[in-house]
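Student: prediction below, plus the sequence it came from.
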Amino acid sequence: MNEWDATSYAGKDTILRVVAEEAERLFALAEPEEAWEAPTACPGWTTRDVVAHIVDTTEGYFAGFDVARGGGDPGAAYGLPGMGARVNEQAVALRGIPQKELLDRLKTDFERMRAILRDLGEDEWAGLTVPHYYMGPLPAYFYAAGQLMDYAVHSWDIRQGTGRAHGLSGEAADLLVPFMFVLWQSTIRKEADLTPFELGIRVG
């Protein structure tokens, strides 16, 4: 099952394939003119803001790989507790860009990031350390997971905003599980209710 372990080089082709599939889904969701200003599951964000967020995030990845390849001081990590507020500011700052221009920029960024990840060798997949703006030094494979979070989870957000029944693909969910636990533990609100609870499903 190593091909389903994105931390392993054996899982590289699998996660890059699933990222590409999820990216195409998001592009299709964002392209209709009427979808651009439609609400999403992200409070205060329309589809336009989701696209802007992924553009901002991906372009931050480029900066990290530039430092990893060329050297230099990335500076201290911003940290995860303030990430939500800052990514909102960054997304909102791009609201003036027309739909086609921003979508074209997203697609160009996606292809550039896909090439970076595709060209990583076996030693680099887990051995190349790339500074993340919010989280600090991370192994290169984390950026493939980051792209999957961006495209799969935010496609879910856009679909949720339509009010129609939908779900996350099984392949994306399987690959995301270990990474989401790390992210949740690092971004939980200080005032969150930590009382134990049970979660389940009913099949009828």
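Tutor: Received it, and whenever you're ready, just let me know what you need.
Student: any idea how far stretch 147-160 is from the chain center?
Tutor: On the basis of Cα atoms, centre = their mean, to the nearest Å, stretch 147-160 is displaced by 8 Å from the centre of the chain it belongs to.
Student: kindly report the same for stretch 65-73.
Tutor: 21 Å.
Student: kindly report the same for stretch 18-29.
Tutor: Chain-centre distance of stretch 18-29: 12 Å, with Cα atoms, centre = their mean.
Student: likewise stretch 23-30?
Tutor: Using Cα atoms, centre = their mean, the offset of stretch 23-30 from its chain centre is 14 Å.
Student: and what of stretch 51-64?
Tutor: 9 Å.
Student: report the buried residues of it.
Tutor: When neighbours are counted by 16 or more other Cβ atoms under 10 Å, the buried residues of stretch 51-64 are found to be V51, A52, H53, I54, V55, D56, T57, T58, G60, Y61, G64. C-beta: built from backbone N, CA, C; applies to glycine.
Student: which one of those is nearest to K100?
Tutor: Nearest to K100 among these is V51, at 11.1 Å by Cβ to Cβ.
Student: which SS class is that closest one?
Tutor: At V51 the chain is in helix, as set by DSSP: H, G, I helix; E, B strand; the rest coil.
Student: what about it, distance to A126?
Tutor: Distance, V51 to A126, by Cβ to Cβ, to the nearest Å: 30 Å.
Student: before we move on, back to that, pick out the most distant pair among the buried residues of stretch 51-64.
Tutor: V51 and G64 (20.8 Å).
Student: what residue is smack in the middle of the protein?
Tutor: Centroid-nearest residue in the chain, with Cα atoms, centre = their mean: D150, separated by 2.2 Å.
Student: ok, and for stretch 66-73, which residues are buried?
Tutor: Residues of stretch 66-73 classed as buried: V67, A68 (neighbour count, 16+ other Cβ under 10 Å).
Student: no wait, stretch 9-22
Tutor: Buried-residue list, stretch 9-22, by 16+ other Cβ under 10 Å: Y9, G11, K12, T14, I15, L16, V18, V19, E22.
Student: how about the strands in the chain?
Tutor: For the chain, the strands defined by DSSP state E cover 129-132, 136-139.
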